[in-house]
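1. I need the structure of the sequence given here:
(2 chains)
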There are 2 protein chains.
Amino acid sequence: MQLGENILTHKIQHKSEDFFKYEASAKPMQDDNPDDGFVVTPWNIQGEIDYDRLIQKFGTQKMTDSLHSRITRIAGEDHFMLRRGIFFSHRDMDRILDEYEDKGRKFFLYTGRGPSGHTHIGHLVPWVFAKWLQDRFGVKMYFQLTDDEKFYAKSGLSMEETRGFALENALDFIALGFKPDNTKIIIDTRDISTLYPIAARVAKQLNFSNTKAVFGFTGETNLGMIFYTSLQSAPCFLEDAPVLIPLGVDQDPHFRLTRDVAPKIGRPKPALLHNIMIPALEGTGGKMSASSQNGTIYTTDAPNQVKKKINKYAFSGGQPDIEQHRRLGGNPDIDVSYQYLRIFFEPDDSKLRAIHDDYRSGRMLTGELKAILIERINEFLHEHQARREKARDHLEDFLLDGDTR
Amino acid sequence: MQLGENILTHKIQHKSEDFFKYEASAKPMQDDNPDDGFVVTPWNIQGEIDYDRLIQKFGTQKMTDSLHSRITRIAGEDHFMLRRGIFFSHRDMDRILDEYEDKGRKFFLYTGRGPSGHTHIGHLVPWVFAKWLQDRFGVKMYFQLTDDEKFYAKSGLSMEETRGFALENALDFIALGFKPDNTKIIIDTRDISTLYPIAARVAKQLNFSNTKAVFGFTGETNLGMIFYTSLQSAPCFLEDAPVLIPLGVDQDPHFRLTRDVAPKIGRPKPALLHNIMIPALEGTGGKMSASSQNGTIYTTDAPNQVKKKINKYAFSGGQPDIEQHRRLGGNPDIDVSYQYLRIFFEPDDSKLRAIHDDYRSGRMLTGELKAILIERINEFLHEHQARREKARDHLEDFLLDGDTR
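-> Numbering: from 1, shown residues only, chains lettered A, B, ... in the order given. Coordinates of the predicted model:
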């Protein structure tokens, strides 16, 4: 598919081509209902997310065709995650591109991960996209592993455990092809001497009521959690340059606070590119969580584990029996295996479209669809796990302060 | 005065000898009034403090004659600050001494300072006493300079300023004779990599309601202030040993929280020795504050500044004119110059008693009393300022992490 065609056809796509987009319209809008039937916070995802409604609630900007087109033009190529609406929303991406194009001012990238367990495949979405942005725009990258946050948020996790997961997660990040000359990994408890003085300037500008309004914090919220948002803000101000943050939309509330604070400390507001939540194996409501073993494919899973999990747990859009399936067809919009292919594992639009149409028509059975996904995931993990092991030897080169403590 | 005599005569002292004690009984008790007419928090001192009432409010233990006697016996000498009730209250000092005597278990000392300005003479009280404890008990000492706290607490102070004051304040501490082999100085923003992982364990055990109850925090309190108490707790857990904290009683609320948390993280509760607030030059209500220029004698003041400040601002217990003063006598209990001699600058009881009696009787005029104080302070500062300048060369030896950043 040619870039120009895609943009041009975008607006005249009929319903059957909407599989490239998230299914926001599948759910009725609930404008008059303060309870939208879903919750999205950095620590809690509930219900089936209506992304158009979420854009309204969060006050972000929708990724438009013209913005998509502009990114593609500057990058010199299109990215399927933009084409398919995986990155569906943003804040100030236009400004980032204005400064890049008009003033030749480079931004830097920043994203991160809360290391509550091993990396799962959903985490890779913004990282892979960030790598593409880094390569196409020639910019620096900071990757933050918030071991303190996960220690604060999970009663059962020790700091040794979250630090351990941080180091493991870092391997997955490095395995995606980042290079230490333009990429630094931050581990909060390890690099706190760099982060804290910046976080303190942020913390002085935020009060408890702000966190209550944005995160719903209460009197029971622990002091670490209350302060923590300042530390997630800190990397935004590591360099005297605009920052662009590709990340899951659930993390947006943190940066709403950062954006309020930025002008007060004389710095530019961070720009954001939001990706949708990656559904758990059991279904499209909520996001894949590292704490639900069955609902999660880890990057460390062996091929037979992947096969077993997909076959056993992946929510199916198929019919109760083969006869009905052949007759009525499957529903790819709610089929998790199909969604994983759409979001990550089948970048080729024509191949994805064929799978979509075959499944929708009933020509492809759920088992066949799952087999395709299992093969794709295991192909990916075979490579990834090899790179991941090699990354152990280079971890130190990536760490912000240059030595392991 | 012999130790034995002092202890024996303690209970039969008549009113005129009460000048060795703070004047708690001078103010009527207000048991039935929830508003005691004074406020004592780490960031706010208001009104004339009733120390007996404060002991009740804070739930601390009064320094008894028998505890004083026990400290004196183990130390091998008495200290005038104990004898005169400057250290009037404690928490668990008995336990510290039990472990020291019965189990031969050494404690370590910890105290600190919020570097919002230059050191004033009131700050030296717990430091001088801590030095005496260190020498007599042969124990280690940690001294924390909370540059982050003062940045959070004072809207007009930058972090560069509080860090600068921290380094200046450290010189005053070192000038008192501490040695780097058993004394370490912590500067929060500089030593945060050591403090933060400990503070995080504390922070996970405390919630916003706890800080609201203890400090009166509100929705308007900034995130740094809310988290900060965890960092003031952190040095308590630097060593696997009991900790004793000599400090101004206004800092007690922080360690009430620390003491609640300690068993939850498997550590002993810190023990405390509380000193009274050192009155401002203008009067005995409240404490000397580094932010009120006129009410404060700084350790960096020149002799003529000391003279001018005492003569101009030191609140007098004298009568309106010489004739009345000769006839009615002065009131040393409210005379700030006399109180400074009692608290710090005249350790010799017989000399202090002579001054007290002369002033009380009217034989000594306010101007003469002030002249004595001015001489004592300037003698002290002459020595102190010389040692303070020498300390610049040794500062690095004291810093926790061993190098200046």
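
2. okay, now A:R387: neighbour count?
-> A:R387 sits with 14 neighbouring residues when counted by other C-beta atoms under 10 Å in any protein chain shown. (Glycine included, C-beta is placed from N, CA and C.)

3. which residues of the stretch 251-400 of chain A fall in helices?
-> In the stretch 251-400 of chain A, the helices defined using DSSP state H, counting those that start in this stretch lie at A:252-261, A:303-313, A:322-328, A:336-340, A:349-361, A:366-391, A:395-398.

4. chain B is nearest to which of the ones you listed?
-> Of all these, it is helix A:252-261 that lies closest to chain B, at 9.4 Å by C-beta to the nearest C-beta.

5. ok so, going back, dump the helices of the stretch 251-400 of chain A to CSV, plus mean pLDDT.
-> Supplementary listing: those in CSV, determined by pLDDT from 0 to 100:
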stretch, mean pLDDT
helix A:252-261, 97
helix A:303-313, 96
helix A:322-328, 96
helix A:336-340, 96
helix A:349-361, 97
helix A:366-391, 98
helix A:395-398, 95
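
6. to A:R163, which of those lies closest?
-> Each of the helices of the stretch 251-400 of chain A was scored for nearness to A:R163 using C-beta to C-beta, and the closest is helix A:395-398 (13.0 Å).

7. how far does the closest one sit from the chain's center?
-> Chain-centre distance of helix A:395-398: 23 Å, with C-alpha atoms, centre = their mean, to the nearest Å.

8. try stretch A:36-45
-> Averaged C-alpha coordinates place stretch A:36-45 at 15 Å from its chain's average position (C-alpha atoms, centre = their mean).

9. may I see the buried residues of that stretch?
-> Under the neighbour-count criterion of 16 or more other C-beta atoms under 10 Å in any protein chain shown, stretch A:36-45 has A:D36, A:F38, A:V40, A:P42, A:I45 buried.

10. also stretch A:255-268?
-> Within stretch A:255-268, the residues that qualify as buried are A:F255, A:R256, A:L257, A:T258, A:R259, A:V261, A:A262, A:R267, A:P268, counting by 16+ other C-beta under 10 Å.

11. out of the buried residues of stretch A:36-45, flag the one nearest to B:R353.
-> Distance ranking of those against B:R353, using C-beta to C-beta, places A:P42 first at 65.4 Å.

12. hmm, A:Q144 is touching A:I186, no?
-> Yes: judged on C-beta atoms under 8 Å, A:Q144 makes contact with A:I186 at a distance of 4.5 Å.

13. so what's in contact with the two at the same time?
-> A:G112, A:P235 (C-beta atoms under 8 Å, 6 or more residues apart in numbering or on different chains).

14. so A:R95 is in which element?
-> With elements taken from DSSP states H and E, the one containing A:R95 is helix A:93-102.

15. scratch that, A:R53
-> With the criterion set as DSSP H and E, the secondary-structure element containing A:R53 is helix A:51-58.

16. who touches the very next helix or strand once past that helix?
-> Tracing the chain C-terminally past helix A:51-58 and defining elements by DSSP H and E, one meets strand A:61-62 next. Around strand A:61-62, the neighbours that count as contacts under C-beta under 8 Å, 6+ apart are A:D52, A:I55, A:F88, A:S89, A:H90, A:R91, A:D92, A:M93.

17. show me which of the residues you listed is closest to chain B.
-> For these, the closest approach to chain B (C-beta to the nearest C-beta) belongs to A:R91, at 21.8 Å.
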